[in-house]
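K.L.:
Here is the input, now give the coordinates:
(one chain, ligands or ions: 2)
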Amino acid sequence: MESASPDLDEEVAAPAQLAVGAHAADPHRVPKPRVYGDLISVDRIDPDAVKVLRRLTRHGYSAYLVGGGVRDLLLGHEPKDFDIATSARPNEVRRLFRNCRIIGRRFRLAHVLFAGGKVIEVATFRRDPALQGPSHVGIGDGGRASELISVNKERGDDADLLIRQDNTFGLPHEDAIRRDFTINGLFYDLERQEVIDYVRGVPDLEAGTVRTIGEPDVRFREDPVRILRAIKFSARLDLGLGSEIYDAMVDQRQELGRSAPPRLFEEILRLLRGGAAHRSIYLAWDLGVLGVVLPELSAFLDDGVDIADLTWGRLSAIDEMRADDRLPSDAVLIAALLYGPLEEALSGAKNPGLAFDEFFDDITERLAVPRRMRDRIRLILAGQRRMDRGRHSGMRRREFFLDAAALFEVRLSAEGREAPDWLLDLSPGGGEDGHAHGHHRQGHGVGRPAYRARHRRRTQG
Ligand code: ATP
Ligand code: MG
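P.N.:
Ligands and ions are numbered 1, 2, ... in the order given. Next up is the predicted model:
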């Protein structure tokens, strides 16, 4: 990999200095990025994202592809989405695109809409407002960024670093360093076909490692959800966690209790949806992070290898279904994750309905599980008993039937049990119209049962 400016190292502050702190406070010192040509071929970028980038630059704004899209392209993965950062203000973006909507009330962000419901997110460069700097335009808080601002600029152990709003426009390098991990802080300049690296993300991608931009303890205290994000990237992209970040994740894990519950819940769902649910939850457990966000599951896993194995098996089954493009619905994912401790809580309970509610009351307080999902999980669980006994035909027309069947498939896979014919028949092309009820995020219904793939893997191992 070739750097177009290999002689600039001295001028590029080390990430620790770039981070929010005294060193980064000099507004006149714009660090020089490392620039890499030829790492990304344009034809792998979504054509609509290309259109947005071109129109912005044609009108004199700077605009880059940023974040996860650049990271995934560099890793050879298909990006989930293509986000753009630009010098244009949200209103200026709207003037350029008819199919554009500004989201967020006080914090604003532009969504450019394309056919098929595709959304290209266009955000104005912003920076950590705790940084001193040249005059800037404050744009209020709210929206996704309801999170950013250091309440206390001291970095001492007791300082409250939790970021509560992110409301200040900035320069490209400021936008890069307020991001979470070096692998997520890269910009791609379409016109020049260059990757612009202010944070040493390219070397970290090459080394296969997740590193925070700046000091991990500080960055995790600013926004503890980043701990879950580090787990997600490590597990999903098979990247290592160096001792520095690993120790900080362990040390700061209690801070997760300060994050907004809906954000925690969404991030847990992302751990389950990403194709590496097993690895993600295992890593969270190993780090002691699961003990903070889902202590009931963590304690259950601590109790014994045999029962824990079933949980790991269910998570592997989810990963296999996702690999088949049949990712189950969120309710099934959460039911599969919590099935062990839930079963334990319900078995022998005099009033299972009450036991279910007690179990979820605690979790809901911590994670804001939506009411609808909780009700759905209740139905899906009740369906399991009937499926176990083969007495589910009365349920077939019920709206939750496919979800119940998906959880049943997950359980069978984990337990190494054969899938019955009726379950196999639900697969697309299996003669059922059931999979047309898709309310799932990606793929739906039950298809090729995961237990086959699992069985194959077991016999290999
Ligand atoms: P995914 O593939 O899961 O979407 P992503 O990296 O694109 O991963 P997003 O949540 O879509 O993650 O966020 C887009 C970008 O915004 C990230 O790449 C990162 O640069 C920045 N970002 C997101 N969340 C945070 C955060 N909590 N703190 C700092 N930067 C963040
Ligand atoms: Mg993304």
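K.L.:
ok, now which ones touch whichever residue of the stretch 151-300 of the chain sits closest to ligand 2?
P.N.:
Using C-beta to the ion, the point where the stretch 151-300 of the chain gets nearest to ligand 2 is Asn184, with a distance of 8.9 Å. (Each C-beta comes from the backbone N, C-alpha and C, glycine too.) By C-beta atoms under 8 Å, 6 or more residues apart in numbering, Asn184 lies in contact with 67-68, 71, 201, 233.
K.L.:
For the chain, which residues are neighbours of ligand 2?
P.N.:
Proximity of the chain to ligand 2, by C-beta under 5 Å from the ion, involves residues 68, 81.
K.L.:
Show me the domain layout of the chain.
P.N.:
Domain segmentation of the chain under automatic domain parsing yields 6-135+167-213, 294-460.
K.L.:
For those, could you give me a markdown table that also reports distance to Gly257 and mean pLDDT?
P.N.:
Below are the domains of the chain laid out as a markdown table (distance: least, C-beta to C-beta, whole Å; pLDDT from 0 to 100):
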| stretch | distance to Gly257 | mean pLDDT |
| --- | --- | --- |
| domain 6-135+167-213 | 19 | 86 |
| domain 294-460 | 8 | 84 |
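K.L.:
What distance do you get for the residue of the stretch 151-300 of the chain closest to ligand 2 to Gly104?
P.N.:
Distance of Asn184 to Gly104, computed by C-beta to C-beta, to the nearest Å: 21 Å.
K.L.:
now do Ala323
P.N.:
Ala323 is 35 Å from Gly104, where distance means C-beta to C-beta.
K.L.:
which one of these two has more residues nearby?
P.N.:
Neighbours were counted for Ala323 and for Gly104 using other C-beta atoms under 10 Å; Gly104 has more, 19 against 12.
K.L.:
Now do the contacts for Arg386.
P.N.:
392, 394-395.
K.L.:
Among those, which one has the most neighbours?
P.N.:
Tallying neighbours with other C-beta under 10 Å puts His392 at the head of those, with 21 neighbours.
K.L.:
Which residue lies closest in space to it, excluding its sequence neighbours?
P.N.:
Distances taken as C-beta to C-beta, 6 or more residues apart in numbering place Arg386 nearest to His392, at 4.6 Å, with adjacent residues excluded.
K.L.:
Next, the contact list for the one residue in the chain that gets nearest to ligand 1, please.
P.N.:
Closest contact between the chain and ligand 1, by C-beta to the nearest ligand atom, is at Gly68 (2.2 Å). By C-beta under 8 Å, 6+ apart, the contact set of Gly68 is 79-81, 83, 184.
K.L.:
what's the answer for Gly274, then?
P.N.:
By C-beta under 8 Å, 6+ apart, Gly274 lies in contact with 232, 235-236, 280, 322.
K.L.:
Show me what counts as buried in the strand or helix carrying His111.
P.N.:
In the assignment (DSSP states H and E), His111 maps to strand 109-114. Within strand 109-114, the residues that count as buried by 16 or more other C-beta atoms under 10 Å are 109-112, 114.
K.L.:
Same list (those residues) but as CSV, adding distance to Pro47.
P.N.:
Converted to CSV, the buried residues of strand 109-114 look like this (distance: C-beta to C-beta, whole Å):
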residue, distance to Pro47
Leu109, 22
Ala110, 19
His111, 17
Val112, 13
Phe114, 9
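K.L.:
ok, which of these also contact ligand 1?
P.N.:
Here nothing survives when those are matched to ligand 1 using C-beta under 6 Å from any ligand atom.
K.L.:
With respect to Pro129, which of those residues is nearest?
P.N.:
Checking the buried residues of strand 109-114 against Pro129 by C-beta to C-beta gives Leu109 as the nearest, at 16.3 Å.
K.L.:
ok, that closest one to Ile102 distance?
P.N.:
Going from Leu109 to Ile102 by C-beta to C-beta gives 7 Å.
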